[in-house]
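Trainee: got a structure for you, letters missing:
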């Protein structure tokens, strides 16, 4: 496939890239999706916590640095991107998340688009992913034009009892919106291997299953896996990308197209533009603002294990309950936003092996996992120019993360620990997520209204280039405090429809 000619090349098959491909499927445009990885194997180890978490069977073998410190990041390179391993949580950002919001460590900036512009695309994304939820129960839910396409996943007994106890404390727990194929005729088996696992039977609503596979049924969309894009090449004017330089099967190829969509993820997309520096773009492609790689964000996240020594927790699919009572405030007049709480997938002993002290015996870890209800506390991380993706001396990724809102997050975690004890869990263990497992990374190629302050325009087109769009979480100017996948999908569907209209004109 040396020097082929396509109308559109999409780099990356995660949520953003697959959503654009879905919108172009069936059109007259010749579309090629380039994916760095291959097909994720369907095998018994998909459900094996030992293989997935302790052996890290599917995690990419790559090393990043943070200054002088090397580390192995929690990255996965497969067709469908990281959604093969996500917990299928599908939240809309709150309407106020699109406005400037004051936090203890500074301002969360406004978006260049309003919630109302994304709302119909949120609705389409929920339909495509088969999201299950219940409108009107989330206390800070944004306005909706349609109900959820499917009813919520029913709580299992332990979670149903928790919901009642939360309501007794005058809180407003609600069914967590989740993309799983559960119900009459559905494939989900409640196997207990969802959050952090690949789905053996394709019952999880991921980018590959819900977006890419339907798009590939159309003759105008092609997928080329195991194709690692090294650089983007521009013409003599410096205004147009003319080819992607691709490493495939040990040799470099050039893939040409009229337009390009970059959807490799917030870290990888920024690194690719920096590697694509040349005479016309000496500081990196699309970097006239100097913002490429900057304003990296990753939610402040802590896992909470609420342990009741009197009762085993046999729940198999616990991600059915969430709490937003403290999303925009701490309950006091003028209180600042704290964050969002949702249930984690069920923790198992191999997941604890690498995070608990080595002197804790396996039997104790197993007992804790069997008696815990597991939660995920999430607070907003603010954009800061010193939080950035750069290239290190080996031309690899160096990630500098200047964390924000840490005190606020600690206050939120402390409050949630007290709440869980009131609910009947005398032991609550907490473990914060670090740079090795960045949660919901975003913001490195943010969009905006001012080319001097942003990399992309409101349609996610690079200000400095005429034919490059970027549609992964790198476009986020702020992170909010809920999972980003649905917002990436909504904007990518919007951009994909826009591209389809432009290319048909």
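Mentor: The structure has been received and is ready for your questions. Bear in mind that the values here come from a model prediction, so they are computed numbers and not experimental data. Numbering: from 1, shown residues only.
Trainee: Identify each buried residue in stretch 96-116, please.
Mentor: 96-98, 101, 103, 105, 108-113, 115 (16 or more other Cβ atoms under 10 Å). Every residue, glycine included, has its C-beta placed from N, CA and C.
Trainee: Please flag which of those residues sit within helices.
Mentor: residue 115 (DSSP state H).
Trainee: got the buried residues of stretch 96-116 as CSV, with distance to residue 322 columns?
Mentor: Shown next, in CSV, are the buried residues of stretch 96-116 (distance: Cβ to Cβ, whole Å):
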residue, distance to residue 322
96, 17
97, 16
98, 20
101, 20
103, 21
105, 24
108, 21
109, 25
110, 25
111, 23
112, 28
113, 25
115, 19
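Trainee: Taking the buried residues of stretch 96-116, tell me the two that lie furthest apart.
Mentor: Largest separation among the buried residues of stretch 96-116 by Cβ to Cβ: 105 and 113, giving 24.6 Å.
Trainee: picking up where we left off before, switch the buried residues of stretch 96-116 over to TSV; also include pLDDT and distance to residue 456.
Mentor: What follows is the buried residues of stretch 96-116, written out as TSV (pLDDT from 0 to 100; distance: Cβ to Cβ, whole Å):
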residue	pLDDT	distance to residue 456
96	97	23
97	98	18
98	98	16
101	94	21
103	94	24
105	94	25
108	97	18
109	97	14
110	98	15
111	98	12
112	98	9
113	98	11
115	98	19
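Trainee: Closest to residue 448 out of the buried residues of stretch 96-116?
Mentor: residue 112 (5.1 Å).
Trainee: ok, and the closest non-adjacent residue to that closest one?
Mentor: Leaving out its chain neighbours, the residue that sits closest to residue 112 by Cβ to Cβ, 6 or more residues apart in numbering is residue 458, at 4.4 Å.
Trainee: Mind checking what secondary structure that neighbour has?
Mentor: Under the three-state scheme (DSSP: H, G, I helix; E, B strand; the rest coil), residue 458 adopts coil.
Trainee: Now for it: which residues touch it?
Mentor: 112-113, 447-449 (Cβ atoms under 8 Å, 6 or more residues apart in numbering).
Trainee: again, only using 7 Å
Mentor: 112-113, 447, 449 (Cβ atoms under 7 Å, 6 or more residues apart in numbering).
Trainee: Looking at the residues you listed, which is nearest residue 340?
Mentor: Using Cβ to Cβ, the contacts of residue 458 come closest to residue 340 at residue 113, 21.8 Å.
Trainee: Next, the nearest residue to residue 133 once chain neighbours are set aside: phi, psi?
Mentor: Among residues not flanking residue 133 along the chain, residue 177 sits closest, at 3.5 Å (Cβ to Cβ, 6+ apart). Reported as degrees, to the nearest 10, the phi and psi values for residue 177 are phi -70, psi 120.
Trainee: Tell me how many other residues crowd residue 177.
Mentor: 30 (other Cβ atoms under 10 Å).
Trainee: Rebuild the contacts of residue 458 as JSON lines, extending it with distance to residue 149.
Mentor: Shown next, in JSON lines, are the contacts of residue 458 (distance: Cβ to Cβ, whole Å):
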{"residue": "112", "distance to residue 149": "29"}
{"residue": "113", "distance to residue 149": "23"}
{"residue": "447", "distance to residue 149": "28"}
{"residue": "449", "distance to residue 149": "33"}
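Trainee: how close does the residue nearest to residue 112 sit to residue 475?
Mentor: Distance, residue 458 to residue 475, using Cβ to Cβ, to the nearest Å: 9 Å.
Trainee: Now do the shared contacts for these two.
Mentor: In contact with both residue 458 and residue 475: residue 447, using Cβ under 7 Å, 6+ apart.
Trainee: out of all of them, which helix in the protein is the longest?
Mentor: Max-length helix for the chain by DSSP H is helix 485-504.
Trainee: So for that one, what gets flagged as buried?
Mentor: In helix 485-504, counting by 16+ other Cβ under 10 Å, buried: 485-500, 503.
Trainee: helices and strands around that helix, which ones?
Mentor: Applying 3 or more Cβ pairs under 7 Å, 6 or more residues apart in numbering; DSSP states H and E, one finds that helix 485-504 contacts helix 15-24, helix 115-129.
Trainee: quick one, which of the ones you listed is nearest to residue 303?
Mentor: When the helices and strands packed on helix 485-504 are compared (using Cβ to Cβ), the closest one is helix 15-24, at 23.4 Å.
Trainee: quick one: low-confidence ranges for this protein?
Mentor: Filtered on pLDDT under 70, the chain yields the residue ranges 1-4, 438-439.
Trainee: Please, where are all the helices along it?
Mentor: Using DSSP H, helices in the chain cover 15-24, 49, 115-129, 157-168, 207, 213-216, 266-275, 349-353, 362-370, 406-422, 485-504.
Trainee: got a markdown table for those, with distance to residue 230 too?
Mentor: Formatted as a markdown table, the entries for the helices of the chain read as follows, by distance: least, Cβ to Cβ, whole Å:
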| stretch | distance to residue 230 |
| --- | --- |
| helix 15-24 | 17 |
| helix 49 | 35 |
| helix 115-129 | 31 |
| helix 157-168 | 47 |
| helix 207 | 23 |
| helix 213-216 | 25 |
| helix 266-275 | 7 |
| helix 349-353 | 35 |
| helix 362-370 | 42 |
| helix 406-422 | 36 |
| helix 485-504 | 24 |
